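Trainee: Everything below, folded, please.
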Amino acid sequence: MTATPSTSRVHIGDVITPRNDIIHPRDNPTGSDVFVGLEHIESGTGRRIGSENVEKSELTGRKARFRAGDIVYGYLRPYLNKVWLADFDGLCSVDQYVYVVDERRADAEYIAWLMRSPLFLSRAPVDSGPGQLPRIRLDEIARVELDLPPIPEQKRVATALREQLDAAARMRAAAEAKVNALRVLATASLTGLLSSISARGCVARRCGEVTRVTGGIQKSPSRTPQAFHRPFLTVRNVQRGYLDLTIVEEMEITPVELDRCRLRDGDLLVVEGNGSRSHIGRNALFGGEIDDCIHQNHIIRVRADRNQLNPEFLSLYLNSRDGVAQMVQRARTTTGLYTLSVNKVESLEIPMPGLSEQTALVTRWAERRRTLDSASQAQSRQAAQIGRLPAALLGRAFSGGLRTFGCSLDTGHGGTDE
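Mentor: The predicted structure is shown next:
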């Protein structure tokens, strides 16, 4: 690295010093304080996204003290770039280094941006020994070389980065808000589409009267694939409205079990639950994607009588607001957890318009969903692209010389210097 005439080559340890101010429960500290842990720092941007108030007398482990103007650096899994410039006094975990910046030689905001940059990570060796998380040691950080421009130039670069990354954050928030709005619109659209059934007082039937509901096979060490094994689907594979077949495991079974649990095109797979209300009743249709496929016991198979019930209509209803509400109500347990069973699924009340109307509703929803999905995917791509801007901007600022970094950065969607 060759320094330009306007910069001086230094080690970062020349301009930042570890604070080493530790508070320990054995010291019987009193009073309250604000705690900022790794989970409270946003990756890449250094934005604080939370904190918590703690009573120092109730601390269960050591904590590091920081002051306003200190750099708080998450040294575990450093590639996450959890680097925060503190704007108040408080406590952090000992998984974070606290640095005092020599204000005579360096601007704290500039150094914080630099420590988040790809350039800094490329020059700070990461330890990743057996049984421990990747980390950077204090001495390795201190030895990182950099070309340090005069303080006015540091402040200019820091201000430009702050302004551009603030703009990127606003753009990302707007894109994510649009994605969330489209999800809400999809839910409302499905609810509106199905509301006509209730409004007409359509007859409802118990799910067990128009379907055959079956549990799956429990996984165990004895099920390790040996002689007669088949693919099986788990909770991970069943999302709300679609199957994720990225990873499909295999299980040792018997021919009798295969005959009982083999999935057919049109089978609805319902998540039994894992105690979480948000996952209860999540379901998707199996479309015959895998031959001789079975399902685990945490998945309930619902096979519709196609003379009375369109499987796609059943899936639509159970993924709708009313269908989810029914399953949550039946899934609630006295312990406060949520779990479904074959009997509970059989007891669900399913509105039953005629088959032709069920098919028409499925067709109308598919048309609406295509439009909503297309818009949602476009917004998600935009949000993801904006999310890559911080790393690209930091790379531009600290790679190839600061002379190439101007106060006006392009945060448009047409590409970044990655």
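Trainee: Domain-wise, how is this structure divided?
Mentor: 8-148, 203-352 (automatic domain parsing).
Trainee: what mean pLDDT would you report for the longest one?
Mentor: Taken as a whole, domain 203-352 has an average pLDDT of 89.
Trainee: can you list contacts of stretch 314-330?
Mentor: 187, 190-191, 194, 198, 211, 240-241, 268, 270, 277, 280-285, 302, 304, 338, 340, 344-345, 347-351, 361-362, 365 (Cβ atoms under 8 Å, 6 or more residues apart in numbering). Glycine gets a C-beta too; all of them are placed from N, C-alpha and C.
Trainee: filter those residues to the buried ones?
Mentor: Taking 16 or more other Cβ atoms under 10 Å as the criterion, what is buried in those is 190, 194, 211, 241, 268, 270, 280-285, 302, 304, 338, 340, 344-345, 348, 350-351, 361-362, 365.
Trainee: which residues touch P311?
Mentor: Contacts of P311 (Cβ under 8 Å, 6+ apart): 266-268, 285, 304.
Trainee: Turn the residues you listed into JSON lines, including secondary structure.
Mentor: Listed next are those as JSON lines, based on DSSP: H, G, I helix; E, B strand; the rest coil:
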{"residue": "G266", "secondary structure": "coil"}
{"residue": "D267", "secondary structure": "coil"}
{"residue": "L268", "secondary structure": "strand"}
{"residue": "L285", "secondary structure": "strand"}
{"residue": "A304", "secondary structure": "strand"}
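Trainee: From the residues you listed, pick the one nearest E109.
Mentor: Among those, L285 lies closest to E109 (Cβ to Cβ), at 53.0 Å.
Trainee: so the closest one touches V270, yeah?
Mentor: No - if you go by Cβ atoms under 8 Å, L285 and V270 don't touch, sitting 10.7 Å apart.
Trainee: what touches both of these two?
Mentor: With Cβ under 8 Å, 6+ apart, L285 and V270 have no common neighbours.
Trainee: From what I see, D265 and G287 are in contact.
Mentor: Yes - taking contacts as Cβ under 8 Å, D265 lies within contact range of G287: 5.7 Å.
Trainee: next structured bit after the helix or strand where A360 lies?
Mentor: For A360, the enclosing helix or strand under DSSP states H and E is helix 355-387. Using DSSP H and E, the helix or strand that follows helix 355-387 in sequence is helix 389-398.
Trainee: How far off centre is that following helix?
Mentor: Put simply, helix 389-398 sits 23 Å off its chain's centre (Cα atoms, centre = their mean, to the nearest Å).
Trainee: Need the CA coordinates for stretch 49-62. PDB is fine.
Mentor: Presented in PDB, the C-alpha positions along stretch 49-62 are these (Å, rounded to 0.1, in the frame of the first residue of the first chain):
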ATOM      1  CA  ILE A  49     -31.400  -1.000  16.300                       C
ATOM      2  CA  GLY A  50     -32.000  -1.600  20.000                       C
ATOM      3  CA  SER A  51     -30.800  -1.600  23.600                       C
ATOM      4  CA  GLU A  52     -32.000  -2.600  27.000                       C
ATOM      5  CA  ASN A  53     -32.000  -1.100  30.500                       C
ATOM      6  CA  VAL A  54     -30.200  -3.300  33.100                       C
ATOM      7  CA  GLU A  55     -29.800  -3.200  36.800                       C
ATOM      8  CA  LYS A  56     -26.100  -3.500  37.500                       C
ATOM      9  CA  SER A  57     -26.800  -5.500  40.700                       C
ATOM     10  CA  GLU A  58     -28.500  -8.200  38.600                       C
ATOM     11  CA  LEU A  59     -25.700  -8.700  36.000                       C
ATOM     12  CA  THR A  60     -24.700 -12.300  35.600                       C
ATOM     13  CA  GLY A  61     -21.400 -11.800  33.800                       C
ATOM     14  CA  ARG A  62     -18.800  -9.200  33.000                       C
END
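Trainee: Now that stretch: buried residues?
Mentor: Those would be 51, 54, 56, 59, for stretch 49-62 by 16+ other Cβ under 10 Å.
Trainee: Burial check on the nearest residue to the last one once chain neighbours are set aside, number of neighbours?
Mentor: I take that to be L59. The shortest distance from L59 to any non-neighbouring residue, by Cβ to Cβ, 6 or more residues apart in numbering, is to P25 (4.9 Å). When counting by other Cβ atoms under 10 Å, one arrives at 14 neighbours for P25.
Trainee: pLDDT score for A360?
Mentor: A360 is given a pLDDT of 83.
Trainee: Hmm, E55 and the residue nearest to L59 touching each other?
Mentor: No - contact between P25 and E55 fails when scored by Cβ under 8 Å: they sit 11.2 Å apart.
Trainee: where exactly do the helices run in the stretch 151-300 of the chain?
Mentor: Using DSSP state H, counting those that start in this stretch, the helices found in the stretch 151-300 of the chain span residues 151-199, 207-210, 255-261.
Trainee: contacts for the shortest one?
Mentor: Among residues not part of helix 207-210, those counted as contacts by Cβ under 8 Å, 6+ apart are 213, 302, 304-305, 308-309, 345-350, 352.
Trainee: any chance of those in CSV, plus distance to A175 and secondary structure?
Mentor: Putting the contacts of helix 207-210 into CSV (distance: Cβ to Cβ, whole Å; DSSP: H, G, I helix; E, B strand; the rest coil) gives the following:
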residue, distance to A175, secondary structure
V213, 41, strand
V302, 37, strand
A304, 39, strand
D305, 44, coil
Q308, 44, coil
L309, 39, coil
V345, 38, helix
E346, 43, helix
S347, 42, coil
L348, 37, coil
E349, 39, strand
I350, 38, strand
M352, 41, coil
